[in-house]
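**Q** My questions concern the predicted model and sequence given below.
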Amino acid sequence: MKTPGRLLFIVILLVVCLACLSACGTVSLASITSTDPLSTPAYILVTANPQPSNTPFQPSRPIDLPLTANPNQVPGLAGPTDTAAPAATEIPSQTAFASATDFPTRPPQATDTPLPTFTLVASGTPADSPTGLPVKTATSLPPTAALPPGANLIRPQYVISALMNYSGHKVTVSETVLYPNRTGAALSGIALAVNPNLWNGVFILQTLEVDDQASTSYTLAGQWLNVNLDTPLQAGQAVKIGIGYQLNLPYSAAKMENFGYTARQTNLIDWYPFVPPNISGKWILPDPYPYGENLVYDKSDFRISLSFSDPANPPVVAASAPASSQNGARFANQIVYALDNARNFTLSASTEYQVSTADANGVSIVNYYFPGDGGAAARVLDMTRLAVLTYTNEFGPYPHQMLTVCETDLNDGLETDGLYFLASTFYRAYDGTVRNNLSTIAVHETAHQWWYGAVANNQAVEPWLDEAMATYSERIFWGDNYPDLVTWWWAFRVDSKNPSGWVDSRVYDTSTFSQYVNAVYFNGAHFLDALRVRIGDKVFLAFLHDYFARENGRISSANDFFSILDLHTNTDISDLLKKYFYYR
């Protein structure tokens, strides 16, 4: 029997705990159950759910993200400052990867300061690479000394050194961000998106520097890291931000999440702080939602250095770019990756991965899969190869030298730039034909390299620009390669769901995942097909090719889509817009 004193103590303890949770600045959605429906084997979900499930690092109830975390909703970026926690783990040095001393500090006066691009250390031999892939020689970016001041840094650049404790599910990171101000106006602060901070206890900020000077003038809340600048960053200038942090990776439930680890793999997706686009003076970082994607990315250049705390037993690593070994590095088995002009950089590691490769007219397709799934993996490899050839012909060239495919323990499919994931459930259900989820989703995720990677969009506000386009790209693929199966594709992939709803629904406009997918993906495919019928095959395909050429490298919008369409046809489509679109 509890005494009154013990009851009073328990009540006080509960009040204190609740107060601490409500004051917390990070988001946890642990109590939200996934809305991903699995009603029939043919119901394919191709959008990863960003909401974390219960992990040892999460409280048992949701915590609301403070609105003041968004600098677009408050004047300026100034606010309460957080003091960086003391470093718990030694942060890996970048000196063996790229020279940090080569970057000049931004002076206090408003003058343009050019920043040099990265230089990589010479690569080692193939035997040094733990990835199981042929090693390619690391190369330097072209010199920029002849460029006018401030003009040599045309994109954000990320230099990241990561030390992975694979079995311990931790990653210790030293990151340098070189951000050029191309907004046309002075910036009093820089916002960074920190997706791992949506999980409690996962992102541990240890150090933060601005132009090589330690700084405590920042706020970290939810997915927002707002760094205040002592001196405004003028248009044409670049700022250097150094960040040291540790990732205590969350366990990824089998149902939905993509970031973290499972029993046989670790997936680093949107794992590092990055600067979101700044459009018309606003940082574009939409709020996360229980389904769909919310992040928007500028094109950037990446130099990633990866080492392992147990160098004698490194996992096989899949990445968005080819691996290069590096001798003489501080850590054994250090490998580096270089990827330019990309939206993001993704890593997936497993001690069980097996690898197969194919060539698509000069593009290397690298396929990672688990033991026992070789037959299905062979189909994935061939479908991806054929899709790269098809989309290159129909839309334009694939922008990178390699495309990576990873089998994953997680649900459905997920696109990232240069790498996509495909669920193990598709591999296990493979029936030896192309008429299945494995083939259709492989083709869909490959299409995202054109509609998401090359031509980006605001995935939260106008998701149809990549999801409807990727879905209808499947139809184009089947028409070009399996014309006898086009009727099957419509029935299996689209019409079996009885799609309805506004094609231009924002991710926040729908109440269930199936409602969102039916409207944006599948009714979106119906709109694009109706548009194709209305204006004719030749005009429609010429429009898609031109749209890709004009918007490649940009963050496109519906206005851009229809403006370019108007250049190709004056056919009246007002009835189609009225039928399928809410916001036009």
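**A** Noted; the coordinates are in hand.
**Q** For the stretch 301-450 of the chain, give me the ranges with low pLDDT.
**A** Low-confidence regions of the stretch 301-450 of the chain, defined by pLDDT under 70, span residues 325-332.
**Q** what about 80?
**A** For the stretch 301-450 of the chain, residues meeting the criterion pLDDT under 80 lie at 325-333.
**Q** Which parts of the stretch 151-300 of the chain are strands?
**A** 157-165, 170-180, 187-193, 203-210, 213-214, 218-221, 224-233, 238-248, 260-261, 266-268, 278-279, 282-283, 300-308 (DSSP state E, counting those that start in this stretch).
**Q** what are the pairing partners of the first one, and which direction each?
**A** The reference is to strand 157-165. If you go by DSSP bridges, strand 157-165 pairs up with strand 170-180 (antiparallel), strand 300-308 (parallel).
**Q** Point out the most buried one among those strands.
**A** Among the strands paired with strand 157-165, strand 300-308 has the highest mean neighbour count (mean count of other CB atoms under 10 Å), at a mean of 24. C-beta coordinates here come from the backbone N, C-alpha and C atoms, glycine included.
**Q** what sits up against the helix or strand just after it?
**A** As assigned by DSSP states H and E, the chain's next helix or strand after strand 300-308 is strand 316-319. Contacts of strand 316-319 with the rest of the structure, by CB atoms under 8 Å, 6 or more residues apart in numbering, involve 130-132, 304, 306, 323, 335, 337, 345-353, 355, 366, 368, 404, 406, 419.
**Q** go again using 6 Å as the cut-off
**A** For strand 316-319, the external contacting residues (CB atoms under 6 Å, 6 or more residues apart in numbering) are 131-132, 337, 347-350, 353, 368, 404, 406.
**Q** So how do I select the buried members of those residues in PyMOL?
**A** To isolate the buried members of these in PyMOL, using 16 or more other CB atoms under 10 Å:
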select buried, resi 131+337+347+348+349+350+353+368+404+406
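**Q** possible to save the contacts of strand 316-319 as CSV with distance to residue 286 and secondary structure?
**A** Shown next, in CSV, are those (distance: CB to CB, whole Å; DSSP: H, G, I helix; E, B strand; the rest coil):
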residue, distance to residue 286, secondary structure
131, 34, coil
132, 38, coil
337, 28, strand
347, 25, strand
348, 25, strand
349, 29, strand
350, 31, strand
353, 33, coil
368, 31, strand
404, 27, strand
406, 26, strand
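**Q** wait, which of the contacts of strand 316-319 is closest to residue 455?
**A** Residue 455 lies nearest to residue 404 out of the contacts of strand 316-319, by CB to CB, at 20.0 Å.
**Q** Tell me how many other residues crowd the residue nearest to that closest one when sequence neighbours are not counted.
**A** Excluding the flanking residues, the one nearest residue 404 by CB to CB, 6 or more residues apart in numbering is residue 419, at 4.1 Å. Counted with other CB atoms under 10 Å, the neighbours of residue 419 add up to 28.
**Q** What's opposite residue 419 in the beta bridge?
**A** Taking DSSP bridges as the rule, residue 419 bridges to residue 404, residue 416.
**Q** worst-scoring helix or strand of this structure, pLDDT-wise?
**A** Every helix and strand in the chain was compared by mean pLDDT, DSSP states H and E; the lowest is helix 4-23, with a mean of 42.
**Q** for residue 550, what are its contacts?
**A** Residues in contact with residue 550 (CB under 6 Å, 6+ apart) are residue 564.
**Q** and with 10 Å instead?
**A** By CB atoms under 10 Å, 6 or more residues apart in numbering, the contact set of residue 550 is 455, 556, 560, 563-564, 567.
**Q** In CSV: those residues, plus distance to residue 481 and secondary structure.
**A** Output for those, formatted as CSV (distance: CB to CB, whole Å; three-state DSSP):
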residue, distance to residue 481, secondary structure
455, 22, strand
556, 27, strand
560, 29, helix
563, 31, helix
564, 26, helix
567, 29, coil
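**Q** can you redo those residues as TSV with neighbour count?
**A** What follows is these, written out as TSV (neighbours: other CB atoms under 10 Å):
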residue	neighbour count
455	25
556	24
560	17
563	12
564	18
567	11
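**Q** helix, strand or coil for the nearest residue to residue 439 once chain neighbours are set aside?
**A** Once flanking residues are discounted, residue 439 sits nearest to residue 383: 5.2 Å by CB to CB, 6+ apart. Under DSSP: H, G, I helix; E, B strand; the rest coil, residue 383 falls in the helix class.
**Q** how near is residue 383 to residue 301?
**A** To residue 301, residue 383 is 30 Å away according to CB to CB, to the nearest Å.
**Q** again, but for residue 529
**A** Taken as CB to CB, the span from residue 529 to residue 301 is 38 Å.
**Q** Share the number of residues neighbouring residue 216, please.
**A** Neighbour tally, residue 216, other CB under 10 Å: 10.
**Q** Check it and give its pLDDT.
**A** Per-residue confidence for residue 216 comes out at a pLDDT of 96.
**Q** So it is in contact with residue 208, correct?
**A** Yes. In this structure residue 216 lies within contact range of residue 208 using CB atoms under 10 Å: 7.5 Å.
**Q** secondary structure class for the closest residue to residue 451 other than its chain neighbours?
**A** Spatially, and ignoring its direct neighbours in sequence, residue 451 is nearest to residue 469 (3.9 Å; CB to CB, 6+ apart). Following three-state DSSP, residue 469 is assigned to helix.
**Q** Please apply the same query to residue 364.
**A** Going by three-state DSSP: residue 364 is strand.
**Q** One more: residue 480?
**A** Under three-state DSSP, residue 480 comes out as helix.
**Q** re earlier: hmm, residue 402 and the residue nearest to residue 404 touching each other?
**A** Yes. In this structure, residue 419 is within contact of residue 402 by CB under 10 Å, at 8.9 Å.
**Q** joint contacts of these two?
**A** Joint contacts of residue 419 and residue 402 (CB under 10 Å, 6+ apart) are 319-321, 366.
**Q** Residue 289 and residue 509, how far apart?
**A** Separation of residue 289 from residue 509 (CB to CB) stands at 10 Å.
**Q** And for residue 208?
**A** As judged by CB to CB, residue 208 and residue 509 stand 37 Å apart.
**Q** Looking at those two, which is more packed in?
**A** Using other CB under 10 Å, the more surrounded residue of residue 208 and residue 509 is residue 208, with 21 against 16.
**Q** what residues are up against the more buried one?
**A** 82, 84, 214-218, 220, 225, 227, 241-245, 273.
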